[in-house]
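Chemist: I need the structure of the sequence given here:
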Amino acid sequence: MNVLLVGGGGREHALAWKITQSPQLTTLFCSLGNPGIDALPKVEPFLAEDIAAIVALAEAKSIDLAVIGPEAPLAAGLGDRLRDAGIACFGPDADAARLESSKGFMKDLCARHDIPTARYARVGSKAEADAFLDTLTAPYVIKADGLAAGKGVVIASTRAEADAAVAHMLSGQFGAAGTTLVIEEFLDGEEVSFFVVCDGQNAVPLLGVQDHKRVGDGDTGANTGGMGAYAPAPIFTDDVCARAMAEIITPTLKALRADGTPFIGVLFAGLMITQAGPKLIEYNVRFGDPECQVLMRLMTSDILPLLKAAADGALGAPAIDKMPCPVWSPHACALVVMAAKGYPGSYEEGETIVGVEMANTQDNITVFHAGTRVDGANLVSAGGRVLNVTATATTLAEAVAKAYGGVDAIDWPGGFYRRDIGWRALATRRDQG
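Modeler: Have a look, this model is predicted:
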């Protein structure tokens, strides 16, 4: 099977790492430039970047399955164009991708179909924002409506902070993505990232993963794209999973199908586990980053048949029933993000990184490249979130310790990382180790 993978970050390195293990794979065509991906077997790099060039490449290389990693090409309609060209695609069309590309669209869908979520308002001016904020109590949740690379959310602890966030976003911080805002009541509980693979009608649940969005220890500081993750998430019990499927995922897929925009790909539900049960915070229409890296480390079954069945609309077909659904390691996985100092603000690039190979030789350690490049004989930083150090072990506590052992093997003076990945699960003693 010839597979095309679009994207070149840490999520795509993890997907490529997993896909290249499949006996069904012939060649994996990947975006050039991620040193971790480029070093994998069966990989052929390509330089196509715009939608037309990617579709032309897929046709020229007789691609059997295209897997789209990031959200931007999905929102721009790459999935539509590939399907129009007769190429099976794991990823939704642009209309279904509005679940992520427009937070207002997602919230309105929830309101129409009684999907549990926070009370909200869509606003386009300071006056509208003030009117709704007056009905809430602190803290306040302010979101840019459009895509903002995971950074268009502010949780304001005071009204003054909320007013400042509204003014900042409406002034153009996120361009067109911030011309309309979604303001929500704050939900109290624990957040979980839940993933399901969908074929337009059927859905196969994966795992619940807990991410660390804040830049600092103890979940302090600015929001980021994610500073670490772990699974399994102790709070994501079988009962919570069943409720999430019945009350959130299934109604969403049914609504999209009824609207003529069936969802194909991976649906990522950001859930808040409240005392009243799971509530939807937001949807993403792709694998999370860094959650995907954790999922790929824990999945012991072949991922390629699952992705292809979803793209073909065949998850419920009898032949697929004989294919093993995702099989998971009984172990835990922890991931530590190594980021450039200054992230999520301004940071330096081009700094030499040493020791990634040494970290990879440690027991059950795999390092995924998120923002690196090769400069001569050196590996150097080339982004904000640069490396994802993952480790698996019998218990979460052991996995966390191993991951930090991998981090310690890497010499990068220009990097930093959180020291408390997994703190919530470990502090509450829900880890069974």
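
Chemist: which residues touch the residue lying closest to residue 102 once chain neighbours are set aside?
Modeler: Of all residues not flanking residue 102 in the chain, residue 145 sits nearest, at 5.7 Å (Cβ to Cβ, 6 or more residues apart in numbering). In this view, the C-beta of every residue, glycine as well, is placed from N, C-alpha and C. By Cβ atoms under 8 Å, 6 or more residues apart in numbering, the residues touching residue 145 are 102-104, 122, 177-182.

Chemist: Reformat those as a markdown table; add secondary structure.
Modeler: Formatted as a markdown table, the contacts of residue 145 follow (DSSP: H, G, I helix; E, B strand; the rest coil):
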| residue | secondary structure |
| --- | --- |
| 102 | coil |
| 103 | helix |
| 104 | helix |
| 122 | strand |
| 177 | helix |
| 178 | helix |
| 179 | coil |
| 180 | coil |
| 181 | strand |
| 182 | strand |
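
Chemist: low-confidence ranges in the stretch 1-150 of the chain?
Modeler: 149-150 (pLDDT under 70).

Chemist: Please enumerate the strands of it.
Modeler: Secondary structure of the stretch 1-150 of the chain by DSSP state E, counting those that start in this stretch: the strands cover 2-6, 27-31, 43-46, 65-68, 89-90, 120-123, 140-144.

Chemist: With the stretch 201-350 of the chain instead?
Modeler: According to DSSP E, counting those that start in this stretch, the strands that the stretch 201-350 of the chain contains are 203-211, 214-216, 220-223, 228-231, 264-274, 277-284, 332-340.

Chemist: and of these, who's closest to residue 424?
Modeler: Relative to residue 424, the nearest member of these by Cβ to Cβ is strand 203-211, separated by 6.9 Å.

Chemist: Give me the average confidence score over the closest one.
Modeler: The average pLDDT for strand 203-211 rounds to 95.

Chemist: In terms of secondary structure, what does it contact?
Modeler: strand 190-199, strand 228-231, helix 238-244, strand 264-274, helix 291-298 (3 or more Cβ pairs under 8 Å, 6 or more residues apart in numbering; DSSP states H and E).

Chemist: State the number of residues packed around residue 225.
Modeler: Neighbourhood size, residue 225 [other Cβ atoms under 10 Å]: 21.

Chemist: err, residue 140, not the other one
Modeler: Residue 140: 24 neighbours (other Cβ under 10 Å).

Chemist: Check this protein and tell me which residue is nearest its centre.
Modeler: Centrality entry for the chain: nearest residue to the mean C-alpha point is residue 288, 0.9 Å, by Cα atoms, centre = their mean.

Chemist: I'd assumed residue 11 was in contact with that residue.
Modeler: Yes. Using Cβ atoms under 8 Å, residue 288 is in contact with residue 11, at 7.4 Å.

Chemist: who's in contact with the nearest residue to residue 325 once chain neighbours are set aside?
Modeler: If you skip the residues right next to it in sequence, residue 325 has residue 204 as its closest partner in space, 5.9 Å away by Cβ to Cβ, 6+ apart. Residues near residue 204 by Cβ under 8 Å, 6+ apart: 196-198, 306, 310, 315, 325-326.

Chemist: So which of the residues you listed wins on neighbours?
Modeler: For the contacts of residue 204, neighbours tallied by other Cβ under 10 Å; top is residue 310, 28 neighbours.

Chemist: Distance of that residue relative to residue 81?
Modeler: 18 Å (Cβ to Cβ, to the nearest Å).

Chemist: again, but for residue 366
Modeler: In terms of Cβ to Cβ, residue 366 sits 33 Å off from residue 81.

Chemist: if we can go back for a sec, so which of the helices and strands packed on strand 203-211 comes closest to residue 372?
Modeler: Here helix 291-298 is closest among those (Cβ to Cβ), at 14.5 Å.

Chemist: what angle separates that closest one from strand 277-284?
Modeler: Angle, helix 291-298 to strand 277-284, by axes from the mean of the first three to the mean of the last three Cα atoms, to 10 degrees: 110 degrees.

Chemist: how about TSV for the helices and strands packed on strand 203-211, with distance to residue 390 added?
Modeler: Output for the helices and strands packed on strand 203-211, formatted as TSV (distance: least, Cβ to Cβ, whole Å):
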stretch	distance to residue 390
strand 190-199	15
strand 228-231	9
helix 238-244	23
strand 264-274	18
helix 291-298	5
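
Chemist: Give me the neighbour count for residue 162.
Modeler: 23.

Chemist: returning to that earlier point: which members of the contacts of residue 145 are the farthest-apart pair?
Modeler: Taking Cβ to Cβ as the measure, the contacts of residue 145 have their most distant pair in 122 and 177, spaced 13.6 Å apart.

Chemist: out of these two, which sits in the more crowded spot?
Modeler: Ranked by neighbour count (other Cβ under 10 Å), residue 122 and residue 177 place residue 177 first, with 21 against 17.

Chemist: Distance from the chain centre to the helix ranked longest in the chain, please.
Modeler: Counting residues, the longest helix found in the chain (DSSP state H) is helix 396-408. Helix 396-408 has its C-alpha centroid displaced from the chain centroid by 22 Å (Cα atoms, centre = their mean, to the nearest Å).

Chemist: Show me what that helix is packed up against.
Modeler: Right, helix 396-408 is packed against strand 228-231, strand 332-340, strand 365-369, strand 385-393, helix 423-427 by 3+ Cβ pairs under 8 Å, 6+ apart.

Chemist: Mean pLDDT lowest where, among those?
Modeler: helix 423-427 (a mean of 87).

Chemist: Show me what it is packed up against.
Modeler: helix 396-408.

Chemist: Beyond the helix it packs on, next helix or strand please.
Modeler: strand 415-416 (DSSP states H and E).

Chemist: Residues contacting that following strand, please?
Modeler: By Cβ under 8 Å, 6+ apart, strand 415-416 touches 338-341, 351, 353, 381, 386-387.

Chemist: repeat that with 10 Å
Modeler: 215-216, 227, 337-343, 347, 351, 353, 381, 386-387, 407 (Cβ atoms under 10 Å, 6 or more residues apart in numbering).

Chemist: re the thing from before, can you lay out the strands of the stretch 1-150 of the chain as a markdown table showing distance to residue 156?
Modeler: Output for the strands of the stretch 1-150 of the chain, formatted as a markdown table (distance: least, Cβ to Cβ, whole Å):
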| stretch | distance to residue 156 |
| --- | --- |
| strand 2-6 | 35 |
| strand 27-31 | 37 |
| strand 43-46 | 43 |
| strand 65-68 | 33 |
| strand 89-90 | 37 |
| strand 120-123 | 14 |
| strand 140-144 | 5 |
